[in-house]
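> How does the following fold in three dimensions:
(3 chains, ligands or ions: 1)
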Amino acid sequence: MPELPEVEMARMLVQDRLNGKRVASLQVKDHKMLTNGSERTMREAFIGRSVGDAHRHGKNLLVRIGDDHLFIHLGMSGSLHLVDDRETTPHERLRLGLDEGALVLDDPRRFGRFGLYHRLEDLLTERDLGPDALTMSDKVFVSQMAGRRGSIKPLLLDQSLIAGVGNLYADETLFQEHLHPATKADTIPEANMARLGKRVRKVLEASISVRTEFSRLPEGFLLRDRREGAACPRCSTELAAIRIGGRTTILCPECQSLRTKP
DNA sequence: GTTTTTGTTTAAAG
DNA sequence: TCTTTAAACAAAAA
Ligand SMILES: [Zn+2]
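Take a look at the predicted model:
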């Protein structure tokens, strides 16, 4: 469950249920997913300390524990669960034991990552992350896109430009802005680019406000039925599937026209 | 058996 | 230096 709104759900879970609890144990179940620090340094930093605030930057989760942070990225199929002491999940990759219960990272595909970071700034530098897509200003968005000549969708997906937008929300955003995903960024007027930045935030906020349950999104949202052959919520034309930046892209051929050739 | 997938990283080529 | 494409990672669902 892994784009910005889904990670925000995970952040809220940790913030609401783990804050103030003491860490009793830590087990790395998959060492290939450990990306910064080691099991030993994580244990030294976290065990016996209490959990502080949970932060999110883009799709990255940082949980303050003692004087350091536990870093978690959910990858393509990761999810966080609070479980009882003896309970496990089918694909447990990291287990953070508390005095009572545990926080488990479950991830069947193992594209997720976790580790130890001292500060948020270290994470941003190390992983080359741009400004957070939910909290950025229009101005920042415009300046991040300035000078780029590639297609707009891959730019939205580039975490070093804007952190947090993934394949699904990129499609939703471009659909709502009537923009073809292959539109070259340098052909988009500045005012329209600012509107696009605003739309990115709106879409992410809308998903968060329905706890990322797509069926509860307002009418007119592509994500309610994002499928090749489904009816465009706006004009009922059959939605098309194309490939852009190596990712499957669903769009309405009528609403999202391309003025110039891609 | 084949294809596809809410992500990221690396290499290669233009 | 920038852009584009492909592959790799790995598992499960269609
Ligand atoms: Zn349409």
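> Show me which residues of chain A sit near DNA strand C.
Counting by Cβ under 7 Å from any atom of the strand, the residues of chain A close to DNA strand C are A:32, A:76, A:90-91, A:108-111, A:147-151, A:154, A:244-246. Just so you know, the C-beta spots here come from the backbone N, C-alpha and C atoms, and that holds for glycine as well.
> Pop the domain breakdown of chain A in here.
Domain segmentation of chain A under automatic domain parsing yields A:4-126, A:138-251.
> ok, of the residues of chain A next to DNA strand C, which come out buried?
Buried residues within the residues of chain A next to DNA strand C, defined by neighbour count using 16 or more other Cβ atoms under 10 Å: A:His91, A:Arg148, A:Ser151, A:Pro154, A:Ile244, A:Gly245.
> quick one: the third one from DNA strand B, how far?
If I follow you right, that is A:Ser151. Using Cβ to the nearest atom of the strand, to the nearest Å, A:Ser151 is found at 14 Å from DNA strand B.
> ok, for the residue in chain A that DNA strand B sits nearest to, nearest residue in space, not its chain neighbours?
Taking Cβ to the nearest atom of the strand, DNA strand B has its nearest neighbour within chain A at A:Gly166, 2.0 Å off. Take A:Gly166 and drop its neighbours on the chain: the residue closest to it by Cβ to Cβ, 6 or more residues apart in numbering is A:Glu3, 3.7 Å away.
> what's near enough to touch that neighbour?
A:Lys59, A:Gly164, A:Val165, A:Gly166, A:Asn167, A:Leu168, A:Tyr169 (Cβ atoms under 8 Å, 6 or more residues apart in numbering).
> now do A:Asp67
The contact partners of A:Asp67, by Cβ under 8 Å, 6+ apart, come to A:Ala45, A:Arg49, A:His118.
> number of nearby residues for the second one?
The burial count assigned to A:Arg49 is 15, neighbours taken as other Cβ atoms under 10 Å.
> so it makes contact with A:Lys21?
No - with contact defined as Cβ atoms under 8 Å, A:Arg49 does not count as touching A:Lys21 (10.2 Å).
> before we move on, the earlier item: which members of the residues of chain A next to DNA strand C are positioned in helices?
A:Pro154 (DSSP state H).
> what's near enough to touch the residue of chain A closest to DNA strand B?
Contacts of A:Gly166 were listed using Cβ under 8 Å, 6+ apart, and they are A:Pro2, A:Glu3, A:Leu4, A:Lys59, A:Leu157.
> For it, give its distance to A:Gly245.
Using Cβ to Cβ, to the nearest Å, one gets 12 Å for the distance from A:Gly166 to A:Gly245.
> Tell me if I'm right that A:Ile188 and A:Ser151 touch.
No - contact between A:Ile188 and A:Ser151 fails when scored by Cβ under 8 Å: they sit 10.8 Å apart.
> What is the end-to-end distance of stretch A:15-22?
Terminal residues of stretch A:15-22 are spaced 14 Å apart (Cα to Cα, to the nearest Å).
> Going by neighbour count, list what's buried in that stretch.
A:Gln15, A:Leu18, A:Lys21.
> ok now it, how far from the chain's centre?
22 Å (Cα atoms, centre = their mean, to the nearest Å).
> For the residue nearest to A:Pro108 when sequence neighbours are not counted, list the residues it contacts.
Nearest non-adjacent residue to A:Pro108, counting by Cβ to Cβ, 6+ apart: A:His91, 4.5 Å away. If you count contacts by Cβ under 8 Å, 6+ apart, A:His91 has them with A:Asp106, A:Asp107, A:Pro108, A:Arg110.
> got a pLDDT number for A:His91?
The per-residue pLDDT reported for A:His91 equals 97.
> Could you do A:Leu258 as well?
Reported pLDDT for A:Leu258: 82.
> Could you report the neighbour count for it?
If you count neighbours by other Cβ under 10 Å, A:Leu258 ends up with 16.
> and what of A:Thr88?
When counting by other Cβ under 10 Å, one arrives at 14 neighbours for A:Thr88.
> and A:Thr41, backbone torsions?
Recorded main-chain torsions at A:Thr41 are phi -70, psi -30, according to degrees, to the nearest 10.
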